[in-house]
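Engineer: Provided below are the primary sequence and the corresponding predicted coordinates.
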Amino acid sequence: MSVTYLEAIREAQAHLLREDDRVYLYGQDIAGKFGGAFKATKGLAEKFPGRVLNTPISEDAMVGTAIGAAMEGMRPIVEMQFADFSSIALNQILNNAGTQFWRTNQPCPITVRLPSGGTKGSGPFHSQSMEAIYSHYPGLVVMTPATVEDAYTMLIDAVAIDDPVIYCEHKYLYYHLKADALPKEALPIGKARIVRPGRDLTIVSNSAMVHEALAVANQMSGEGVEIEVVDLRTVKPLDTDTVLASVARTGRLLCVGETFPWGGVTAEVIARVTTEGFHLLDAAPARLNAKDTPIPYHPNLWETHRPNAKSITAKVRQILAE
Amino acid sequence: MSVTYLEAIREAQAHLLREDDRVYLYGQDIAGKFGGAFKATKGLAEKFPGRVLNTPISEDAMVGTAIGAAMEGMRPIVEMQFADFSSIALNQILNNAGTQFWRTNQPCPITVRLPSGGTKGSGPFHSQSMEAIYSHYPGLVVMTPATVEDAYTMLIDAVAIDDPVIYCEHKYLYYHLKADALPKEALPIGKARIVRPGRDLTIVSNSAMVHEALAVANQMSGEGVEIEVVDLRTVKPLDTDTVLASVARTGRLLCVGETFPWGGVTAEVIARVTTEGFHLLDAAPARLNAKDTPIPYHPNLWETHRPNAKSITAKVRQILAE
Amino acid sequence: MLQTAERDATTKSKVPPHERYLEAFRWMLQTRIFEEKLTALYRGGQIIGGVYVGRGQEAVSTACGLFLQKGDIFGPLIRDQAGRAAGGEPLVNVTRTYLGSRQGPMRGRDGNIHRGCAEAGQLAMISHLGSLISVVVGKLMAKRMKGEKDFIGLTTIGEGGMQTGATHEGMNIAAVEKVPFVLVASNNHFAYSTPNDRQFACAQLVDRAKAYGYEGHAVDGTNLEACLNVIGGAVDRARNGGPPQLVVASLLRLAGHGEHDDASYVPAEMKQEPWAQDCVPATEKLILANGWLDDATLMQWRAEISAEVEKAVETAQREAGPVGSEEDWSAIATRRLLDEPGE
Amino acid sequence: MLQTAERDATTKSKVPPHERYLEAFRWMLQTRIFEEKLTALYRGGQIIGGVYVGRGQEAVSTACGLFLQKGDIFGPLIRDQAGRAAGGEPLVNVTRTYLGSRQGPMRGRDGNIHRGCAEAGQLAMISHLGSLISVVVGKLMAKRMKGEKDFIGLTTIGEGGMQTGATHEGMNIAAVEKVPFVLVASNNHFAYSTPNDRQFACAQLVDRAKAYGYEGHAVDGTNLEACLNVIGGAVDRARNGGPPQLVVASLLRLAGHGEHDDASYVPAEMKQEPWAQDCVPATEKLILANGWLDDATLMQWRAEISAEVEKAVETAQREAGPVGSEEDWSAIATRRLLDEPGE
Ligand SMILES: Cc1ncc(C[n+]2csc(CCOP(=O)(O)OP(=O)(O)O)c2C)c(N)n1
Ligand SMILES: Cc1ncc(C[n+]2csc(CCOP(=O)(O)OP(=O)(O)O)c2C)c(N)n1
Ligand SMILES: [Mg+2]
Ligand SMILES: [Mg+2]
């Protein structure tokens, strides 16, 4: 038996509905036999009557109702059909959910699931990675699980947390990623993971980019280059300590992210490492991001738009050559 | 005769309405004798009948109509009553205006004025600086004028540019800042300005923070510390060359910004300097931002929330002590 | 209040037109006296930030707060001092907020009309108009899921706020979710300085009710009896299983948008409209004319209210504001997940 | 087309019920044949991304495109292949987009139904439903400011898209700005998999017209004659100074949301509803029964259309896709302001 990243997300929601009667699911097309645009809630409506609800096409109100319900003691999970449509709910997320605890001292434990990231032929409005925008504003926890295990445990953690959580699940990993079984244990939220130990250079990345980085690391170790790969897991809070410890070991840093460049995850990581661990670096830090254009529809363009094994490898060689 | 920052914005709009019949102004309460929540359009409706229009409370539609008009050859200037309310228009700005040229090869020359930044007693929803969010996404030019002269010339430039421009005007500077007259010439858009030459350390900042930095620089020069102050002027594009040249002279970098810390302007500047000019730095770069909470209402809290002369001075001493 | 009101009422020859009429009037009077004090403090430079009053809208707002019960949800907005008070918010919460006491409900973190009052089931609005509607709907959904009974949710909006996308999505989702919801809209003919003709183009805003599957009610917002009957009736309909209710009150904002605004843009003719009359003196006149209260009682009320107001102001003025260096700068409840960007 | 249609019509005993009836039918037929080809290509794995068709909505969509003139604005949406074609978009634009030719209108940067056609005044939608409405309004405002005459703007929406805040703000601002605007809403009873009862709760969506100050018209979306009369009439009303027009067509989406979706959630009974009939065969039957066309001409039309379709497909298939390394990666028009984040 094996579990995909997508199944892990479904199982986590099934577990939550089973174990915690404060939990309900709210989103477009998630109910009935249909079970969501990506089938992340398939079968759950039948199993948990009245707790998996379809919504009108009203992202602002979807999140608004979740905020109200959370303040009444519920633990709603809102599914955005695509992360890109959360732009409509952004005001409720940033200005309402994100300010609630600071302003009123009442927690606002909503979880917003964002099917994120690029896939072939999806284009500018079905491919976005929005973790940087949600991390920039105060009051939110922002998760970007990169493994089947994290997809499962982090979603369960997200609902347990008394604060609004933006859970960015990567669509490219839905089917590509498989594990043998659901995890029994997990790293605590807020801790980054050393996915692969190394000696010569640290690649810090998150979500789908972790796997591009890993591919490069494994392939280059054939050449005797040992790359340490760090998976941030949550981008807010960002586990600066684990990153600094890795850079202390390798002296070299490459940050790889799928968000747009300006103020993306890689900018924040580099700012932290250079302000807090400047003397750990033996060479200039570097970053690879998606290009600063909308995400292209055509696979030929899309593959060039995001960082990939080829561009990462080239960049690693360049850094090591310094 | 002297001109305030706010008057410069009004004069720039008067000039544009006079010189360019493609220009019209669109916003809440900007018409009639009233002339806007901050009076930035006072008198213009009478002078230019039919070209200064009040809108319903519909930020999404305000920007949507501007996009359509711009694609028909007009040059709309949209006034948000406060930058904070542009969250409602954010989808139109990022996903519609920002993607228009890339997708359709047709330019979308809208200008969106965002009365930005903190002032006493304004609180979480009337104080935000949103330049980081708009710079993160592709397709926009983002300006943050810090002087009366720039407020005037950059707004005129904004309308001339064939792309969507987010013009962040700082409310704190509206009345505090005065110049003797409107400028005859200006730096080109995209170039940062060395506001004050120095030797020992570079402070890179933008908008109202430029003046906090200047105050510190002038005061510390009494102690023989010469700080070079760089005003970014536009945060996108970001003039990395001018910043690098300054750091090459001083070897030390402090970035001061009013946005929230995670992925803010300071993170992007530090990422650029350390990736492109690592060896120019004699000490770890540093940054000061607003705190990672909503912007407080009470002046006692607000003054601690944003960087100020006191916190900048302390940080400068710390860097120089390295 | 209830006691006073009923006693006075019953000792009179004629009975007031609504059993809670006098009680309601007292809240209107309290609000008028209290807000005039706040305005004076503002003019005296003692207020932090702006002051926003509900002058002219006391009848509608009082009716919004008066019929709520324990367990109900109230989402007051910018003109709702009367409804907040009638709904159970103590005056000292208001003065503490406006005067910047750290002991206020928002602890100096947010201000003026953004305050909430959890004890009274009153939500803390954010500025973005319309955003509160779906939040109220969510609270009602939660109460139903938890098996609570007999609750309703009521929130208010202006004719300008009705043009936001959030209001549309919120009104629609309330109807789809079939929650016991009442939206009271006050068309006070101005959104800040903007008149109706630049805000909407439908014949009457109450036509929006049918567009969402609500029951719609138009009411003269200057007539206390009508407000009590219509809003009270809408609350009953919602409580007893009716569809969502939209009440649209017509009146004039009798102050500036905020106290910084002289409202010189309001045309003189408009002030002559029947819906432009001031509900507070109008109601008082009616009460005295009908002998539902005697002058003595009325004078006594004024005295009591002034004392309450002075006390609330003095209390807040004695209290210290927050201190930046002592503030807990955490935007999240889960301490261990605090992000430390470093400097 | 016009010629063909009229010639056929006039040579027959009976005249079709609308002068452009046969022309309209030809667009419906072209769309059906063309979209079936696209579906086949999709099943054959030759399409990049998804395929979204307007099966069952050809009568409404054709009517949306048919009455537009040079200078008019059309904002087509997801189900509007027929209206796009009738409005002047060449088939090859469609195949180039779906098959990823770099010569397509979107040059591989955006895909499928997001394409626009500037020459035909057709806008390139973004996905976010409702966002296009205010853009059309803005174009109409600009045309008025520039002194143009006789233009109108028409855009379409689904019953699901009507629940977005953007639709609300856009519909309202069109009425406030008094622009010559027509919104054609198709209630095809599903938004992806979501039925009406989870989308809205009003008795009928055409009640939204009054709520904004529009003239409202309900129409049977499966009846070509009705669609031509009602939508054509609405376009005339808008063009001749009438207020904004809302047309709500009732019909059933006769395909999946996209070709990846088997639509198994559509209940069998629903397919028996009168508004669930397929407008293309229904119209064809009517035409033959009345002898408005003879079989020979119809066969000839099918042959001509199939040839056009094959040609459009072959052209696009011969063309190369874009190349990442040669792409101009600039999101802005002003080269000198390109931001270089560096790596
Ligand atoms: C989305 C949004 N845009 C702009 C504002 C700024 N603003 C605050 S109150 C106001 C006018 C509100 O008018 P109305 O809704 O009629 O309420 P009234 O003040 O008349 O009671 C505006 C424009 C806001 N609060 N929210
Ligand atoms: C704001 C927004 N949210 C979600 C989506 C995803 N989505 C695309 S089409 C669709 C269903 C649209 O239904 P309807 O408006 O009835 O049009 P139809 O497909 O039935 O023609 C959804 C939910 C979107 N495009 N925009
Ligand atoms: Mg109003
Ligand atoms: Mg539909």
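Structural biologist: Yep, that arrived. All of these numbers come straight from a predicted model, not from anything done at the bench. Ligands and ions are numbered 1, 2, ... in the order given.

Engineer: check contacts around the closest residue to A:Leu94 other than its chain neighbours.
Structural biologist: Of all residues not flanking A:Leu94 in the chain, A:Tyr137 sits nearest, at 4.5 Å (CB to CB, 6 or more residues apart in numbering or on different chains). To be clear about C-beta, it is placed using only N, CA and C from the backbone, and glycine gets the same treatment. For A:Tyr137, the contacting residues are A:Leu94, A:Gly98, B:Phe260, by CB atoms under 8 Å, 6 or more residues apart in numbering or on different chains.

Engineer: now swap in A:Ser205 and tell me
Structural biologist: A:Glu212, A:Ala213, A:Val229, A:Val230, A:Asp231, A:Leu232, A:Cys255, A:Val256, A:Gly257.

Engineer: from chain D, how far off is it?
Structural biologist: For A:Ser205, the distance to chain D equals 14 Å [CB to the nearest CB, to the nearest Å].

Engineer: now A:Leu173
Structural biologist: Distance from A:Leu173 to chain D, by CB to the nearest CB: 19 Å.

Engineer: who's A:Glu286 bridged to?
Structural biologist: Just so we're on the same page, residue A:286 is Ala rather than Glu. A:Leu254 (DSSP bridges).

Engineer: what's the burial count for it?
Structural biologist: Residues near A:Ala286, counting by other CB atoms under 10 Å in any protein chain shown, number 26.

Engineer: so who does it touch?
Structural biologist: Applying CB under 8 Å, 6+ apart, we find A:Ala286 in contact with A:Leu253, A:Leu254, A:Cys255, A:Lys315, A:Gln318, A:Ile319, B:Thr275, D:Glu343.

Engineer: picking that back up, what's the closest of the contacts of A:Tyr137 to C:Arg302?
Structural biologist: A:Gly98 (44.0 Å; CB to CB).

Engineer: helix, strand, or coil at the residue in the stretch 201-322 of chain A that ligand 2 sits nearest to?
Structural biologist: Residue nearest to ligand 2 within the stretch 201-322 of chain A: A:Tyr297 (15.2 Å; CB to the nearest ligand atom). Classification of A:Tyr297 using DSSP: H, G, I helix; E, B strand; the rest coil returns coil.

Engineer: contacting residues for the residue most central in space within chain A?
Structural biologist: Geometric centre of chain A, nearest residue: A:Thr144, 1.6 Å, by CA atoms, centre = their mean. By CB under 8 Å, 6+ apart, the contact list for A:Thr144 reads A:Ser116, A:Glu131, A:Cys168, A:His170, A:Asn206, A:Ser207, A:Leu232, A:Arg233, A:Thr234, A:Val235.

Engineer: got the CA coordinates for the helix or strand harbouring C:Ser306 in CSV?
Structural biologist: Using DSSP states H and E, C:Ser306 maps to helix C:295-318. Extracted in CSV, the C-alpha atoms of helix C:295-318 (Å, rounded to 0.1, in the frame of the first residue of the first chain):
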residue,chain,number,x,y,z
ASP,C,295,-40.7,67.1,32.4
ALA,C,296,-39.4,66.2,35.9
THR,C,297,-38.6,62.6,34.9
LEU,C,298,-37.0,63.8,31.7
MET,C,299,-34.8,66.2,33.6
GLN,C,300,-33.9,63.5,36.0
TRP,C,301,-32.9,61.2,33.1
ARG,C,302,-30.7,63.9,31.6
ALA,C,303,-29.0,64.4,35.0
GLU,C,304,-28.5,60.7,35.5
ILE,C,305,-27.0,60.3,32.0
SER,C,306,-24.7,63.3,32.4
ALA,C,307,-23.4,61.8,35.6
GLU,C,308,-22.8,58.4,33.9
VAL,C,309,-21.0,60.2,31.0
GLU,C,310,-18.8,62.3,33.3
LYS,C,311,-17.9,59.2,35.3
ALA,C,312,-17.0,57.2,32.2
VAL,C,313,-14.8,60.1,31.0
GLU,C,314,-13.1,60.7,34.3
THR,C,315,-12.4,57.0,34.8
ALA,C,316,-10.7,56.7,31.4
GLN,C,317,-8.8,60.0,31.9
ARG,C,318,-7.3,58.8,35.2
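
Engineer: what's it packed up against?
Structural biologist: Of the remaining helices and strands, those touching helix C:295-318 by 3 or more CB pairs under 8 Å, 6 or more residues apart in numbering or on different chains; DSSP states H and E are helix C:21-43, helix C:91-98, helix C:279-289.

Engineer: now that helix: how far from the chain's centre is it?
Structural biologist: 20 Å (CA atoms, centre = their mean, to the nearest Å).

Engineer: centroid residue for chain C?
Structural biologist: C:Asp80 (1.9 Å).

Engineer: for the residue nearest to it when sequence neighbours are not counted, phi and psi?
Structural biologist: Excluding its sequence neighbours, the residue lying closest to C:Asp80 (CB to CB, 6+ apart) is C:Ser61, at 4.7 Å. Main-chain torsions, C:Ser61, degrees, to the nearest 10: phi -60, psi -40.
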